[in-house]
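**Q** the following comprises the amino acid sequence and a computationally predicted model.
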Amino acid sequence: MKLFGIDLHMSGPMAVAVFFTIWWIVLFVTLPFGVRSLHETGEPLEGADPGAPVAPQLAKKALWTTGLAILVFAGLVAFMNLTA
C-alpha cells in the first residue's frame, strides 16, 4: 500500500493497527507529564483521593500523542523501506 507516494510494506488495516498500537503506547508515555495531584497543590477536597490529578489536560496530551505517534510511525516506515 502507498501513502503519499511512500510504500508502507503493509496492508491498510495493518498500517492502522500498527499506528493505533504506537499511539496507545505513546499515550502512556505522555500521561504523567505536567500532572499535579491534590496533595501536591495543597487543595484537598473532601471525599477525593489525594493522588487524584488536578488538571490532567487530556486534550493537549492527545494532540501531543498524535504528533509523536506520527513521527514514530514515519520512522518505522522509513526503517522498513531502508531494509526492504
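**A** Okay, I see it.
**Q** then stretch 9-16 to CSV, C-alphas only?
**A** Included here for stretch 9-16 are C-alpha records, laid out as CSV according to Å, rounded to 0.1, in the frame of the first residue of the first chain:
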residue,chain,number,x,y,z
HIS,A,9,5.1,-2.5,3.0
MET,A,10,1.9,-3.4,4.8
SER,A,11,-1.8,-3.5,4.1
GLY,A,12,-4.1,-0.6,5.0
PRO,A,13,-5.7,-2.4,8.0
MET,A,14,-2.3,-3.5,9.3
ALA,A,15,-1.0,0.1,9.0
VAL,A,16,-4.0,1.4,11.0
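**Q** isn't G34 up against Q57?
**A** Yes. Taking contact to mean Cβ atoms under 8 Å, the distance of 6.5 Å between G34 and Q57 places them in contact. Placement of C-beta: from N, CA and C, glycine included.
**Q** OK, contacts around T30?
**A** By Cβ atoms under 8 Å, 6 or more residues apart in numbering, the contact set of T30 is 61, 64-65, 68.
**Q** try it again at 7 Å.
**A** 61, 64-65 (Cβ atoms under 7 Å, 6 or more residues apart in numbering).
**Q** possible to save those as TSV with secondary structure and pLDDT?
**A** As requested, the contacts of T30 are arranged in TSV below (DSSP: H, G, I helix; E, B strand; the rest coil; pLDDT from 0 to 100):
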residue	secondary structure	pLDDT
K61	helix	95
W64	helix	96
T65	helix	97
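**Q** just the buried ones among those residues, please.
**A** 61, 64-65 (16 or more other Cβ atoms under 10 Å).
**Q** among those, which one lies nearest to A78?
**A** Of all the buried ones among the contacts of T30, the one with the least separation from A78 (Cβ to Cβ) is T65, at 20.2 Å.
**Q** distance of the closest one from P44?
**A** 30 Å (Cβ to Cβ, to the nearest Å).
**Q** quick check: V26 touching A69?
**A** Yes. Counting by Cβ atoms under 7 Å, V26 does reach A69; the two are 4.8 Å apart.
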